[in-house]
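A.B. asks: what follows is a predicted protein model with its sequence.
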Amino acid sequence: NKDKRESLKNTLKTEFLNQTISKDNLKASINNMKAEHEQRIDFMANNIVKAYKTLTPEQREKVENKIKFIEDKVSYVMDKPFFKNFHGNPEKRLELLKKNLNLSETQVSSLKGLFEDNKNNRVEMFNNFKKFKTAIQTELKTGNPDVEKIKGILKEGKNLMESKLDGHLEKIVKVHDVLTPEQRQKLVTILESKHKSMLEKIKAHFSNNA
């Protein structure tokens, strides 16, 4: 799915950098991938059950421990200064953007609420991931996992994400409309650089602590 994700990211980037932006166009780009998401859920559910039935009890335990290890490390990374300073601290993040984009006080005031919401959304997303992971593990541990039940759990997660789509897109449109064209271009450059740097630090952390 990497190519499709890159294509979607580039589409959203192009829309954001345009002089005008449409929530409907953004939503249409995402909805174009819905059929593939449904197929992927079937693929994932069947393979989860197939893998579970293939493994021995000892191997299943190793997989579960590895998943917990990754989850714990993600929690640890989210508590690290390099993550908190930009992603977990709305005020500092906004202050950095004010400096880097030369935002006016009016612009800062317009964006402040969005940054607070983003912090809460990240925590909620991680907690939902843990909830759905636990539900899948519970079904697997029945000893005779039902593919349809696994599909239902995955679809519930997908539906939850989709229910928040309008809110996310509205934020993108609001940020677009608050910023000047030059500020939008600079913001994209900053976010791409931060994203790349964060991924490199996460990879390094996992490599050093595997």
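C.D. replies: Nice, I can see it. Numbering: from 1, shown residues only.
A.B. asks: any low-confidence regions in the chain?
C.D. replies: Residue ranges of the chain with pLDDT under 70: 1, 35, 75-89, 116-122, 198, 201-202, 205-210.
A.B. asks: now do the helices in it.
C.D. replies: 2-17, 23-31, 34-54, 57-78, 81-83, 90-101, 105-140, 147-163, 165-178, 181-209 (DSSP state H).
A.B. asks: dump the ones you listed to JSON lines, plus mean neighbour count.
C.D. replies: Just so you know, the C-beta spots here come from the backbone N, C-alpha and C atoms, and that holds for glycine as well. As requested, the helices of the chain are exported to JSON lines (neighbours: other Cβ atoms under 10 Å):
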{"stretch": "helix 2-17", "mean neighbour count": "13"}
{"stretch": "helix 23-31", "mean neighbour count": "14"}
{"stretch": "helix 34-54", "mean neighbour count": "14"}
{"stretch": "helix 57-78", "mean neighbour count": "12"}
{"stretch": "helix 81-83", "mean neighbour count": "14"}
{"stretch": "helix 90-101", "mean neighbour count": "16"}
{"stretch": "helix 105-140", "mean neighbour count": "14"}
{"stretch": "helix 147-163", "mean neighbour count": "15"}
{"stretch": "helix 165-178", "mean neighbour count": "16"}
{"stretch": "helix 181-209", "mean neighbour count": "13"}
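A.B. asks: wait, I30 touches L165, no?
C.D. replies: Yes: with contact defined as Cβ atoms under 8 Å, I30 counts as touching L165 (6.7 Å).
A.B. asks: so how far is F115 from the residue with the largest distance to the centre of the chain?
C.D. replies: The outermost residue of the chain relative to its centre, with distances by Cα atoms, centre = their mean, is T56 at 32.4 Å. Distance of T56 to F115, given as Cβ to Cβ, to the nearest Å: 48 Å.
A.B. asks: do V188 as well
C.D. replies: 17 Å.
A.B. asks: before we move on, what about L101?
C.D. replies: In terms of Cβ to Cβ, L101 sits 13 Å off from F115.
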